[in-house]
Each structure stands twice: as structure tokens, then as C-alpha cells.
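Visitor: What follows is a predicted structure for the sequence shown.
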Amino acid sequence: MIRNSICMNLTQLFNPIRNIVGLEITSRQINAILLKKNKKGELELVRKFAPVPAGAVQNGEIKKPAELAQAIKSFWQANKDFFQSKFTILALPSSIAFCDVLKLPQISNEQTAEAVKLNLSTKTLFPVELQEIYYDWQPLKSKDIYHHYEMVGLALREKIKQWIDVCSVAGIEPLAFEASAFSAARAIGNFEHNTGLFVRVADDGIDLSVIAENEIRFSRFIPMPEKVESFDQFKEFIKTEAQKVINFYATDDPRNEEIKTAVIAFNFAKKNELEEYLAKNLGILAEHVKFSSSMKEVADSSEIDESILPVLGVAIRGLIKREEDTLISLMPVGTEENYQHTRLLAYVSLWSDIINATVILLALLFVGTWLFLNIIGKRLDQQLAQFQTAFTSQSEIPELEEQARRFNDLTAQISALGAQNNWIESLEKVTKILGQPNIKIHNINMPDPAGIISASVSASDRNTAIAFRKNMEKNEELESALIPLLPLELKENINMNISFKLKEI
């Protein structure tokens, strides 16, 4: 296990992960327990279980990973109202995990790590290559002032990887893996102040563990015998294996406390018969399971039995603060590093969300500001256009007044002449001659004593002016017509001052 010191842990910015579910998967059943405190501070237990697809798990190995992953995923989704978390600690079948106690001189933690690695590399503990396993260790209590003891656990990488892959597909996040023997031992309280033998009969075999002051000092997994013809043979089988464990523990270190008590976790009708048989043949006292002191209140108020000891044990471990959990975990990284990695990902994810939200907010603010300024700009353009229109209208008033004055003068002249000389018919004739297409008449001066009529007109363009000139020159009603030459530079709105004389009738 990597136990590097960390100068600054960014994950401390967050609260510890809550609702860590204890999980055990056997060949028959998915078991899950969540321990949490209610509003009164009292510990509550939530237990859920579901069947495992037939043949998905055999002897601790996953045979049908896709079916098992789907079963776990469906189970988790169906109970998300109870668990409300994807984090779990998993109790692995003891058949795929191994352990031993390493006796070392009083050395530092860094030296302990090197000593454990050296023992594994030289195959002192197990005949496997270091790159083939995941391993971890935890210190044991010791009264030896010259030595300290480390419980070392290991498992083959390929088997652990199966469980990691299944959990990943199922959508759950394992924080630690441990052997079910360690989990079950944590849930019982029979050996808080003494040393004894713990026998747990499981589906695929038997866990035989020596526990002293609530710590496992030795553990061995025995597969079920291939053929057992009677219960008497089964009792004899367990007695023989239990005697081996007791003898080994006594001879391994003469200072070890003698085993005088045994606890049997066996969810079977003939459990009492088995207890009496072992007590008689091993010379020890057989006790019923007592739950640990921390679980006493829960055990009294909940329907729990010996069958859930492993899953209850990992649920108890889930109550430990993650940064303080230094117990054995058979994963690629230790529980502290896994916790820190998970919280760091949460930290990065949180700040990623904050940055993304800030960018979106700034973008919306920019778009909103642009739209606001665009609307204001359009309104200013409209007001400016209206102002310019009003200003243009006011600038044309003097010209309109002058045209009105000229019109009034012309009307007065026409009225006077009509009254004196009856020129109305002549005026209509002159107006008809001048009123050609695209020609605008500005004023007409009635004949002087010589009979010459002068007028001021304008043509819309040069072609119109030329056509007007030709029509005037060819008009048979005119005795004479004087039209000046057109300026070459003018193309539009061409003003012409002309004079002509009507033929006398």
C-alpha cells in the first residue's frame, strides 16, 4: 500500500463522503447494509438484499460479469431512496484473499513499507510475484517492546480486477475491498478482552480466524469438502481444521494467549449440536455470537442474524472517517488515497461546474447587453431620422412661401387682365402649349404691348427639355418662339426662360 504524506489535501474542502454502503456478494445473494445516524444521533440500520443470477459467482470468482453487473445496477437503482449514494465498501469472498502476520523490529512507517515489499518480493510470505498481486497491511496491537506486528493481506490482481470492472459497469464506486473474514470479525464483540477462535460457515467454505482484542491475528479459509455424507462427517471435518488452527497459533509464538473460547457463526438448525461437539472435542468453551458493543442497540432493535456478519462489518467500517481509514484494502490504491482521489475529482468537478456556469452567465450578460444597446441604438436612429425629417420640412417652408406668393401674384394678374381685356381664352391656349409631359410651369408673363409672352419652366431631364424645345419650334400656333440653348453640364431639373408670340387670328 502506498502511504505517501500529503502536504495539502484539497479534498478537506468538502465534508466526508456520507452514506457509505456495506456490500457483500455471495454465490446466491447481494446483501447491502447502510448504517447512519438519525436526527436524534441514534444509529439506524437499513438492510436490502436481492438474488444473484445463477452461476454468476462461483467460489469467489465472477463467471458471468455482464449478468452480475446488471443485477447490481438494478438492485442499486431499486433502492436508491435508501442508499442515496454510489459509494460502497465490499466484502470479498475469503476464498480469493490471503493474509499473514509479519513480525518486524521497531522501525518507521517508511521502513515498514520496504520490509513488507521485501518479504513479498522474496516470497517469504507467499509464493507469488509482486506484480501479480494487490497487497496492503495494517498494524496489530502488541505488548512486545522490541517488535511490532503487521497483518498483511493480498489477492491476485486478475481476481480483484474482475470485481472492479463489475462495480464500474454497475455504476457504483468501491472505496475499499476486504476479505469477508475480516468484515465478519469486526461485527462480533465476543473477543474484546480475550482471545478466541471464530468459525464462520459460508456457502463456499469455512473461515477459521483467531481474534485477540477484536483484532484478527490469524485467518484461514477452508473450501467445503467435495463430499460429505453425513452431519457427523461435517462436524469431524470442522473439528480437524479448527484443531490445526489452534495448534498453529499456539506454536507460532509461545507468548500468544491460549485459546479457550470459540464462536460459531452457522445459520443452520443443528448449530447447537456443532457447538457442543467442538467444545467437547477441542476442550474449549463455545459461545453464541455477540454483536460488537457499537452495534448492540441496532442488534436489539433490528432483525439481524449471523448470516449478515460480513456485510454488517463493512457497514461498520463505512462509519470510519475516510481520511482515517487505514485498514487493509485489496485495491490498486489504499483507502486513504482512494478517498482523496474521489474527493479531488469532486473538487475538480465542482470548480468545473462553477467555471462553466460563470462563462454561461457572462455570455448571457454579454448578449443581453448587446441586445439592449442595439435596441437603444435603433431608437436613437429613429428619433434622429424623425428630427431630420422635421428639420427638412422646416427648411422648405421659405421656398413654399415664395411659390405661394408667385402663384398669388399670377392669379391677381390673370384676374386683372381677364377683367380688362378678356384674356382667359388666351391663357388657356398658352397653358395648353406649355403643358407638355414632364414640364413644370413656374410662371407666365402675359403679353407686353408687342404681344410677346414670357414664361419660366423646368424639365425633369435633358431629353424632356430637348423634346419641349422642338415642340415649341414646330408649333403652328406660334408666330415666333425664342428658347435659349441648353447648358451642357445640366442633366436633370433643367430650368428654361422662354419667350414666344401667338399668331393673330
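Guide: Thanks, I have the structure now.
Visitor: so what's residue 133 bridging to?
Guide: Beta-bridge partners for residue 133, by DSSP bridges, are residue 156.
Visitor: where does the stretch 1-150 of the chain dip in pLDDT?
Guide: 1-18 (pLDDT under 70).
Visitor: Residue 260 touches residue 287, doesn't it?
Guide: No - with contact defined as CB atoms under 8 Å, residue 260 does not reach residue 287; the gap is 10.4 Å. Heads up, the C-betas are built off the backbone N, CA and C, glycines and all.
Visitor: if I pick the nearest residue to residue 478 once chain neighbours are set aside, what's in contact with it?
Guide: Spatial nearest neighbour of residue 478, excluding adjacent residues (CB to CB, 6 or more residues apart in numbering): residue 500 at 5.1 Å. Shown in contact with residue 500 (CB atoms under 8 Å, 6 or more residues apart in numbering): 433, 452-453, 455, 472, 478-482.
Visitor: 7 Å - rerun?
Guide: By CB atoms under 7 Å, 6 or more residues apart in numbering, the residues touching residue 500 are 453, 472, 478, 480-482.
Visitor: buried ones in stretch 466-483?
Guide: 468-469, 472, 478, 481, 483 (16 or more other CB atoms under 10 Å).
Visitor: give the contact list for residue 235.
Guide: Residue 235 makes contacts with 274, 277, as judged by CB under 7 Å, 6+ apart.
Visitor: May I have the phi/psi pair for it?
Guide: Backbone torsions for residue 235, taken as degrees, to the nearest 10, come to phi -60, psi -40.
Visitor: Could you check how far residue 164 is from residue 69?
Guide: Distance, residue 164 to residue 69, by CB to CB, to the nearest Å: 11 Å.
Visitor: how many other residues sit next to residue 149?
Guide: Counted with other CB atoms under 10 Å, residues neighbouring residue 149 total 18.
Visitor: Just put the buried residues of stretch 466-483 in TSV and tack on distance to residue 358, secondary structure and pLDDT.
Guide: Output for the buried residues of stretch 466-483, formatted as TSV (distance: CB to CB, whole Å; DSSP: H, G, I helix; E, B strand; the rest coil; pLDDT from 0 to 100):
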residue	distance to residue 358	secondary structure	pLDDT
468	75	helix	83
469	77	helix	83
472	81	helix	82
478	87	strand	80
481	85	strand	81
483	80	coil	81
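Visitor: In terms of distance to residue 492, which of these ranks first?
Guide: Among the buried residues of stretch 466-483, residue 468 lies closest to residue 492 (CB to CB), at 14.3 Å.
Visitor: distance of the closest one from residue 256?
Guide: From residue 468 across to residue 256, the span is 135 Å (CB to CB).
Visitor: returning to that earlier point: more crowded one of residue 164 and residue 69?
Guide: Comparing residue 164 with residue 69 by other CB under 10 Å, the one with more neighbours is residue 69, at 20 against 16.
Visitor: Leaving out sequence neighbours, find the closest residue to that one.
Guide: Leaving aside its sequence neighbours, residue 69 sits nearest to residue 169 (CB to CB, 6+ apart; 3.9 Å).
Visitor: same question, residue 482
Guide: Distances taken as CB to CB, 6+ apart put residue 499 closest to residue 482, at 4.7 Å, once the chain neighbours are dropped.
Visitor: Let me know the secondary structure of that neighbour.
Guide: What DSSP: H, G, I helix; E, B strand; the rest coil gives for residue 499 is strand.
Visitor: all numbers from here: first residue = 25
Guide: Shifting the count to begin at 25 puts that one at residue 523.
Visitor: contacting residues around it?
Guide: Going by CB under 7 Å, 6+ apart, residue 523 touches 476-478, 506.
Visitor: which of these sit farthest apart?
Guide: Greatest spatial distance among those (CB to CB): 477 and 506, at 10.6 Å.
Visitor: Just put the contacts of residue 523 in CSV and tack on secondary structure.
Guide: Listed next are these as CSV, based on three-state DSSP:
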residue, secondary structure
476, coil
477, strand
478, strand
506, strand
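Visitor: Quick check: of the residues you listed, which has the highest neighbour count?
Guide: The residue in those with the most neighbours, by other CB under 10 Å, is residue 477 (21 neighbours).
Visitor: Which residue of residue 284 and residue 311 possesses the greater neighbour count?
Guide: Shown here are residue 284 and residue 311; by other CB under 10 Å, residue 311 has more neighbours (16 against 13).
Visitor: which one is that one nearest to, not counting chain neighbours?
Guide: residue 287 (5.2 Å).
Visitor: so who does that neighbour touch?
Guide: 212, 214, 220, 222, 311, 313.
Visitor: distance of it from residue 55?
Guide: Between residue 287 and residue 55 the computed distance is 20 Å (CB to CB).
Visitor: Ok, residue 70 next?
Guide: 12 Å.
Visitor: Compare the two and say which is more crowded by neighbours.
Guide: More neighbours surround residue 55 than the other of residue 70 and residue 55, with 23 against 17 (other CB under 10 Å).
Visitor: Help me confirm that the more buried one comes into contact with residue 75.
Guide: No - Residue 55 lies out of contact with residue 75 (CB atoms under 7 Å); the separation is 10.9 Å.
Visitor: Then residue 176 would be within a helix, right?
Guide: No - judged by three-state DSSP, residue 176 forms no part of a helix; its state is strand.
Visitor: Wait, it touches residue 158, no?
Guide: No - using CB under 7 Å as the test, residue 176 is too far from residue 158 to be in contact (11.7 Å).
Visitor: list residues touching both of these two?
Guide: Listed as contacting both residue 176 and residue 158 by CB under 7 Å, 6+ apart is no residue at all.
Visitor: Need the phi and psi values for residue 254.
Guide: Per degrees, to the nearest 10, the backbone of residue 254 is at phi -150, psi 170.
Visitor: burial measure for it, as a count.
Guide: Residues near residue 254, counting by other CB under 10 Å, number 8.
Visitor: now swap in residue 509 and tell me
Guide: 7.
Visitor: Would you verify that it is located in a strand?
Guide: No - the assignment for residue 509 (three-state DSSP) gives coil, which keeps it out of a strand.
Visitor: so what pLDDT did it get?
Guide: For residue 509, the pLDDT comes out at 77.
Visitor: Distance check, it against residue 489.
Guide: 11 Å.
Visitor: residues near residue 274, how many?
Guide: By other CB under 10 Å, 14 other residues sit near residue 274.
Visitor: helix, strand or coil for it?
Guide: Residue 274 - assigned by three-state DSSP - is helix.
Visitor: helices and strands around the helix or strand hosting residue 127, which ones?
Guide: Using DSSP states H and E, residue 127 sits within strand 121-129. Packing contacts for strand 121-129, counted by 3 or more CB pairs under 7 Å, 6 or more residues apart in numbering; DSSP states H and E, involve helix 133-145, strand 171-180, strand 239-247.
Visitor: Measure how the second one sits relative to strand 121-129, angle-wise.
Guide: Here strand 171-180 runs at an angle of 150 degrees relative to strand 121-129 (axes from the mean of the first three to the mean of the last three CA atoms, to 10 degrees).
Visitor: related to what we said a few turns ago, can you confirm the residue nearest to residue 93 is in a helix?
Guide: Yes - using three-state DSSP, the assignment for residue 193 is a helix.
Visitor: any idea of the pLDDT on it?
Guide: For residue 193, pLDDT reads 96.
Visitor: Wait, it touches residue 92, no?
Guide: No - between residue 193 and residue 92 there is no contact under CB under 7 Å: 8.9 Å.
Visitor: More neighbours: which of those two?
Guide: Higher neighbour count among residue 193 and residue 92: residue 92, with 24 against 15, using other CB under 10 Å.
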